[in-house]
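Student: 3D, please:
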Amino acid sequence: MVRLGAALAAAALLASCASMSEKECLSADWHDQGYRDGRNGQSLSRIEDHREACAKVGVAPDLAAYKAGRAKGILEYCTADNGVREGRRGASYRNACPPELEGRFLDHYRAGKRVYDAEQRVNNLDSRARDLQRRLEKEKDDDKRKRLRQELRDLDWSLRNARNDVYEAERRLRY
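Tutor: Modelled structure (predicted):
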């Protein structure tokens, strides 16, 4: 009984990983699916995920329609503005852009990613500072309190530098 439960759970987990549901496979507009995948920055190899998911219900993707749709969608994804957006949200780049669009996209993506990384550093330092402050408030030993205060001062300096890094990264985005 335990094995059956584990097998069912594993099957459900695998099914949830499929790129498309059975219903989606049976009613797929492959041009539209390609367009959506392109617009979302999926690489062309995404069609293989769809092929695998849909083979279970006897559906084969229309490769020509998918590629035509993806070619239109990828034009919307591989823009400078979207590169900044993707970088700022910390998304990973999946090497989806064609060579003629990739350079400009990546330049802007990297600039956005620098802002994201700097903001993450500030958030991590803020979290550490709050944790140290809580520890300081609870600590009774004077020597330990003194060390915690020094650690907070050092952290404050790092936090100031990290905030400057965010400012500089955002400033570079505007130029």
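
Student: please count neighbours and contacts with C-alpha atoms only from this point.
Tutor: Will do.

Student: quick one: the helices in this structure?
Tutor: Using DSSP state H, the helices of the chain run over 2-17, 22-26, 30-39, 46-55, 63-77, 80-88, 99-138, 142-173.

Student: restricting to C-alpha, output the shortest one in CSV.
Tutor: It refers to helix 22-26. Coordinates of the C-alpha atoms in helix 22-26 are reproduced here as CSV (Å, rounded to 0.1, in the frame of the first residue of the first chain):
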residue,chain,number,x,y,z
GLU,A,22,-3.5,16.4,-22.0
LYS,A,23,-6.3,18.9,-22.8
GLU,A,24,-3.8,21.5,-24.0
CYS,A,25,-2.1,18.9,-26.3
LEU,A,26,-5.5,17.9,-27.8
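
Student: and that helix, how far out from the chain's middle?
Tutor: Centroid displacement of helix 22-26 relative to its chain, using CA atoms, centre = their mean, to the nearest Å, is 27 Å.

Student: list the buried residues in it.
Tutor: Within helix 22-26, the residues that count as buried by 16 or more other CA atoms under 10 Å are E22, C25.

Student: okay, the helices of the chain, which one's buried deepest?
Tutor: Greatest average neighbour count among those goes to helix 30-39 (a mean of 23), per mean count of other CA atoms under 10 Å.

Student: circling back: least confident of the helices of the chain, on average?
Tutor: Mean pLDDT per stretch puts helix 2-17 lowest among the helices of the chain, at a mean of 43.

Student: and the residue nearest the centre of this structure?
Tutor: Centroid-nearest residue in the chain, with CA atoms, centre = their mean: A91, separated by 2.7 Å.

Student: residue contacts, E24?
Tutor: Applying CA atoms under 8 Å, 6 or more residues apart in numbering, we find E24 in contact with no residue.

Student: and what of R94?
Tutor: G41, Q42, S43.

Student: tally of neighbours for the first one?
Tutor: So the one you mean is G41. G41 has 23 neighbours, counted by other CA atoms under 10 Å.

Student: and it, its phi and psi?
Tutor: Main-chain torsions, G41, degrees, to the nearest 10: phi 80, psi 20.

Student: what about it, distance to D154?
Tutor: 41 Å (CA to CA, to the nearest Å).

Student: so V57 makes contact with S21?
Tutor: No. Using CA atoms under 8 Å, V57 makes no contact with S21, being 9.6 Å away.

Student: these two: who's more crowded?
Tutor: The neighbour comparison of V57 against S21 (other CA under 10 Å) goes to S21, with 16 against 13.

Student: contacting residues around the spatially closest residue to the more buried one that is not a sequence neighbour?
Tutor: The shortest distance from S21 to any non-neighbouring residue, by CA to CA, 6 or more residues apart in numbering, is to A53 (7.3 Å). A53 makes contact with A18, S19, M20, S21, E22, C25, according to CA under 8 Å, 6+ apart.
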